[in-house]
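Engineer: Based on what follows, work out the 3D shape:
(2 chains)
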Amino acid sequence: MSGDFRYLDCSMKAKLLTLLLASLLLPILSVAQVGSSVVQNLTVEVKPITKIAVTGNPGALFITDTQVGSDVMSVSDDNSKYSMVTNVDNMKIVASINNEMPTGTKLMVRLESSSGLSNGFVDVSNARSPVEVVSGLGKGSDLNQTITYTFAANASVGSINTDTRVVTLTLTN
Amino acid sequence: MGLILLALCAGVCVAQSQSSASQTVTFGVQRSALPSLAANVSQFNTDGESTTLNPAPLKLTVGSDARSEEFVVSTGASGVKKLRHRETINADRFVEASEARHPFRSTPPKSVITVTQ
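Structural biologist: Predicted coordinates:
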């Protein structure tokens, strides 16, 4: 009798087969339930970013006697550029000079700006404290903007030996 | 102590929202001594800030001690100007004589001309 399935009807055979398959799958299901988990906390923050850079120095600004017939003589240079990027609103660029210009002379600077408002030519001759040259800068970047320097001297000013000044541009809020 | 730490923190926060870049600007003024005076002048001396001329023929003038003659000069600042006697004008470093008129004499008198820089 044992092992002889010929005497079972079809429905009994089906039930028996299902039971057999279930018993075969049970170990697989048991293995799948074995697992391990870990949890990590990610802290995300975007810091305020402000960056300004310049491309080298402007060309030398020499006034010569070739400019006659004027009370004020001047020369300009617009060969240097600046780029800036920020993710902060209401930024501005200020300029300062390390030493005052000689009496009777003037140094002016103008920064072009496509995303802010340029203040045009700003006199930085005595700007030991920073003066505003660009205002209203919002989030974003401004690349390869032209810096123009103008050096002017009154006609009464005699010769001035070659000298230098350091002009610092600061992107700030 | 807490206030000091707070002040330091505020300083750091301000520094984080600034960025600077510097440029070196080179400048100078190069002037030669009265560059426009030499062309038509036979005699002149430069001494410090003034030049004294004793021209013959008279071609350049700014101020003259000649009494009755008129000298017509042009300068960068004043344009064409008629001068009588000794008269000093602001030459603005550029002086050019355009004419010397001598209504009573055929030859120019000896005059001492002073050009002030």
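Engineer: from here on, contacts and neighbour counts on C-alpha atoms
Structural biologist: Noted.
Engineer: In chain A, what residue spans correspond to helices?
Structural biologist: A:10-32 (DSSP state H).
Engineer: Going along the chain, name the strands of it.
Structural biologist: Using DSSP state E, the strands of chain A run over residues A:50-54, A:61-64, A:72-86, A:91-97, A:105-111, A:117-118, A:122-123, A:131-137, A:140-154, A:160-172.
Engineer: Switch those over to a markdown table; also include distance to chain B, mean neighbour count and mean pLDDT.
Structural biologist: Output for the strands of chain A, formatted as a markdown table (distance: least, C-alpha to the nearest C-alpha, whole Å; neighbours: other C-alpha atoms under 10 Å in any protein chain shown; pLDDT from 0 to 100):
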| stretch | distance to chain B | mean neighbour count | mean pLDDT |
| --- | --- | --- | --- |
| strand A:50-54 | 5 | 21 | 95 |
| strand A:61-64 | 4 | 20 | 88 |
| strand A:72-86 | 9 | 18 | 92 |
| strand A:91-97 | 9 | 23 | 97 |
| strand A:105-111 | 9 | 21 | 96 |
| strand A:117-118 | 18 | 18 | 96 |
| strand A:122-123 | 14 | 20 | 97 |
| strand A:131-137 | 13 | 20 | 96 |
| strand A:140-154 | 7 | 19 | 95 |
| strand A:160-172 | 4 | 18 | 95 |
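Engineer: So for residue A:9, which of these sits nearest?
Structural biologist: Residue A:9 lies closest to strand A:140-154 among the strands of chain A, at 80.7 Å (C-alpha to C-alpha).
Engineer: Parallel or antiparallel, list what pairs with that closest one.
Structural biologist: strand A:72-86 (antiparallel), strand A:105-111 (antiparallel) (DSSP bridges).
Engineer: closest to residue A:136 out of those?
Structural biologist: strand A:72-86 (12.2 Å).
Engineer: so which of the strands of chain A gets nearest residue A:13?
Structural biologist: Per C-alpha to C-alpha, nearest to residue A:13 of those: strand A:140-154, 75.4 Å.
Engineer: now that closest one against strand A:50-54, angle please.
Structural biologist: Angle, strand A:140-154 to strand A:50-54, by axes from the mean of the first three to the mean of the last three C-alpha atoms, to 10 degrees: 50 degrees.
Engineer: How far away from the center of its chain is strand A:140-154?
Structural biologist: How far strand A:140-154 lies from its chain's middle: 20 Å, per C-alpha atoms, centre = their mean, to the nearest Å.
Engineer: any residues touching that strand, and which ones?
Structural biologist: With contacts defined as C-alpha atoms under 8 Å, 6 or more residues apart in numbering or on different chains, strand A:140-154 is touched by A:58, A:61, A:63, A:71-87, A:104-115, B:27, B:29.
Engineer: Likewise for stretch A:87-102?
Structural biologist: Under C-alpha under 8 Å, 6+ apart, the answer for stretch A:87-102 is A:48-50, A:107, A:124-140, A:165-173.
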